[in-house]
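Enquirer: Make a model of this:
(2 chains)
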2 protein chains.
Amino acid sequence: VTFADRLAGVVRARGSQIVLGLDPDPARLWPEAVAQAPADGPPARAAAAAVRAHCVALIDAAGPACVAVKPQLACFERLGADGWAALAATVEHAREAGLLVLADGKRGDIDVSAAAYAQALVGSTPTPFGDVRGLGADAFTANPLLGVDALTPLVEGARAAGAGVFVLVRTSNPGAADVEDLELAAGGPLWERLAAIVAALGEPGPESGLADVGAVVGATQPEHVARMRELMPQAPFLLPGIGAQGGRVEDLAPAWAAGRAGGLVSASRSIAQAYETAAGTPAAAARAEAERLRELAWSLA
Amino acid sequence: VTFADRLAGVVRARGSQIVLGLDPDPARLWPEAVAQAPADGPPARAAAAAVRAHCVALIDAAGPACVAVKPQLACFERLGADGWAALAATVEHAREAGLLVLADGKRGDIDVSAAAYAQALVGSTPTPFGDVRGLGADAFTANPLLGVDALTPLVEGARAAGAGVFVLVRTSNPGAADVEDLELAAGGPLWERLAAIVAALGEPGPESGLADVGAVVGATQPEHVARMRELMPQAPFLLPGIGAQGGRVEDLAPAWAAGRAGGLVSASRSIAQAYETAAGTPAAAARAEAERLRELAWSLA
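Expert: Sure thing, here's the model as predicted:
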């Protein structure tokens, strides 16, 4: 079963297109998670235990309203080996909860190194001591700056594992204008060229018709979404930028011209930190915000 | 002391501009390293022990002819938490050997996530349990696709730690032509625009005059190097693509118009796997190849 067909099935079964971003900042964890961590031992170990507890609690609270989690890899890597172990445990917990896992590391490198990233995130690595399984994500984000021969090992590694790739096409930050929006001599902005690369790399799943290579499309520039859908008719879109960054779910309807699984709305801080501005416990506020987004997106698709 | 001034000092003291790439493939490690790993325990632990032994042996053999090591992060991440621990141990060993460490992960993400990558690689992370130190690298590679507001937290995080950033400008793979070489409506290829961004972000060190923001410039397109030096007069260049990818040290002389530390020649497989085509042990062959490259580059600078 291809990634896109699996994705479409999970979207349907869970009735959700919401992706729960996991960007744990050790200085802003839920208080209950900090309280759970062992106070003795090195700071990295305690902080990683707290990060893990935070992510588990967040998944338990908001996960039922979501289709996937999106761990931001830097947030775990900054705690070293302990952080990577917390990441692996978080991925495992999300899978047990029936959620897909989109590893958000925006990787990109030349052929041999790209193949190693695919092994790390969705595949496995042959060693003299036996195969070592990677993170076991269902998909990961990738950066296309290095061109097609750098994306291909990522796509092939993902495809061999029944996983998917979401390639950056037009990101949600204001600075995206500096490079991604540059006008090309051949016409159109750079991001339209990136969209064409994504469209060419993907293979549609036999059931859903959706491709196994998707696009990261910032929700902060909604006028782009319809054009993106024209250029990549079969690609699932990962749509960050809702909430803290100013994007609105209401503006994303063109994404769902490819079906309900054609647009995945990613939210991180607006769910995890909802309790800072809403009533109730962190868990209750997170659940309510995720459910609010779920209903809103589902009503548009 | 800024990164570039430190770099210039270490280049001078060691008489080398060679960067030893550490891209350990568990299936192609030096036999002595595999033999050292404990045969019991999980495959990831044994493979990580072998990777660590391989990197230590490679540093001991070829390090004396080099100025820095460049661990390729994917090669460690594919072994999970054990791999990250092997990476940390490798970094520690390289620093004890007097080598600089350039963490090669080609990271790039929006503001908050970019700041987390800087914490992971060169800084530290505040947590309720105390600060957690990152990898302690001297510099890292970064991807500029997301624009200046995504590069800035990387540069600021590095600068605060006395570290540096090498931004991808024109990579060594053939596919670089797909995106990096695209002609812009405003004139010139995309990589010239990336070079302008790099030149604007860097601050020169008071001693060396070299900037703390450098550029990754593939050695496979030597005709670009002189133009790069025009566009980025103060940036140190990290020059991959020698050896297995076909680049020649002899073609890189324009890089050193900014001084001996203005061009760092990176080689990985051609050093680590030299024994496959040359006489002697893996260590002797690696040392001889690194020393050959060192003499050649030094004679041109």
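Enquirer: quick one, helices of the stretch 101-250 of chain A?
Expert: A:111-121, A:148-160, A:176-179, A:190-201, A:223-231 (DSSP state H, counting those that start in this stretch).
Enquirer: Quickly compare those helices and say which is most buried.
Expert: Comparing the helices of the stretch 101-250 of chain A by mean neighbour count (mean count of other C-beta atoms under 10 Å in any protein chain shown), helix A:111-121 comes out on top with a mean of 25. In short, each C-beta sits where N, CA and C put it, glycine included.
Enquirer: Strands of the stretch 51-200 of chain A, start to end?
Expert: With DSSP state E, counting those that start in this stretch, the ranges of strands along the stretch 51-200 of chain A come out as A:68-71, A:100-107, A:124-125, A:132-133, A:139-142, A:164-170.
Enquirer: Which single residue of the stretch 151-300 of chain A ends up nearest chain B?
Expert: Closest approach between the stretch 151-300 of chain A and chain B, counting by C-beta to the nearest C-beta: A:G175, at 3.0 Å.
Enquirer: Next, the contact list for that residue, please.
Expert: B:L146, B:G147, B:V148, B:D149, B:A150, B:L151 (C-beta atoms under 8 Å, 6 or more residues apart in numbering or on different chains).
Enquirer: Go again with 6 Å.
Expert: Neighbour list for A:G175: B:G147, B:V148, B:D149, B:A150 [criterion: C-beta atoms under 6 Å, 6 or more residues apart in numbering or on different chains].
Enquirer: Would you agree A:V198 is in contact with A:A215?
Expert: Yes. Counting by C-beta atoms under 6 Å, A:A215 is a contact partner of A:V198 at 5.0 Å.
Enquirer: Need the overlap of contacts for the two.
Expert: Common neighbours of A:V198 and A:A215, using C-beta under 6 Å, 6+ apart, are A:V167, A:M232, A:A235.
Enquirer: Just give me the closest of those to A:G136.
Expert: Looking at the shared contacts of A:V198 and A:A215 and their distance to A:G136, the nearest is A:V167, at 20.7 Å (C-beta to C-beta).
Enquirer: Locate the residue of chain A with the greatest distance from its centre.
Expert: Of all residues in chain A, the one whose C-alpha sits farthest from the chain's mean C-alpha position, using C-alpha atoms, centre = their mean, is A:D40 at 33.4 Å.
Enquirer: Name the nearest residue to that one, ignoring sequence neighbours.
Expert: Using C-beta to C-beta, 6 or more residues apart in numbering or on different chains and skipping residues adjacent in sequence, the residue nearest A:D40 is A:A46, 7.8 Å away.
Enquirer: Looks like the one you found contacts B:F129 (just checking).
Expert: Yes. With contacts defined as C-beta under 6 Å, A:A46 counts as touching B:F129 at a distance of 3.9 Å.
Enquirer: which residues touch the helix or strand the residue nearest to A:D40 falls within?
Expert: Using DSSP states H and E, A:A46 maps to helix A:43-62. Contacts with helix A:43-62, where a contact means C-beta under 6 Å, 6+ apart, come from A:20, A:22, A:24, A:26, A:29-30, A:33-34, A:36-38, A:79-80, A:82-83, A:86, A:89-90, A:93-94, A:97, A:271-272, A:283, A:286-287, A:290, B:127, B:129-130, B:132.
Enquirer: Identify each buried residue in it, please.
Expert: Neighbour counts over helix A:43-62 (16 or more other C-beta atoms under 10 Å in any protein chain shown) mark A:43-59, A:61-62 as buried.
Enquirer: ditto for stretch A:163-182
Expert: In terms of neighbour count (16+ other C-beta under 10 Å), stretch A:163-182 has its buried residues at A:163-176, A:178-182.
Enquirer: send the alpha carbons of it over as PDB?
Expert: Below are the C-alpha coordinates for stretch A:163-182, written out as PDB (Å, rounded to 0.1, in the frame of the first residue of the first chain):
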ATOM      1  CA  ALA A 163       6.300   6.100   3.000                       C
ATOM      2  CA  GLY A 164       6.000   9.500   1.600                       C
ATOM      3  CA  VAL A 165       8.000  12.700   1.200                       C
ATOM      4  CA  PHE A 166       6.700  16.300   1.500                       C
ATOM      5  CA  VAL A 167       9.000  18.600  -0.500                       C
ATOM      6  CA  LEU A 168       9.200  22.300   0.400                       C
ATOM      7  CA  VAL A 169       7.600  24.300  -2.400                       C
ATOM      8  CA  ARG A 170       6.600  27.600  -0.700                       C
ATOM      9  CA  THR A 171       7.100  27.900   3.000                       C
ATOM     10  CA  SER A 172       5.100  29.900   5.500                       C
ATOM     11  CA  ASN A 173       7.800  32.400   6.700                       C
ATOM     12  CA  PRO A 174       8.000  36.000   5.300                       C
ATOM     13  CA  GLY A 175      11.600  35.400   4.200                       C
ATOM     14  CA  ALA A 176      10.300  32.800   1.700                       C
ATOM     15  CA  ALA A 177      10.100  35.800  -0.600                       C
ATOM     16  CA  ASP A 178      13.900  36.100  -0.700                       C
ATOM     17  CA  VAL A 179      14.500  32.900  -2.600                       C
ATOM     18  CA  GLU A 180      11.400  30.800  -3.300                       C
ATOM     19  CA  ASP A 181       9.500  33.800  -4.800                       C
ATOM     20  CA  LEU A 182      12.400  34.900  -7.100                       C
END
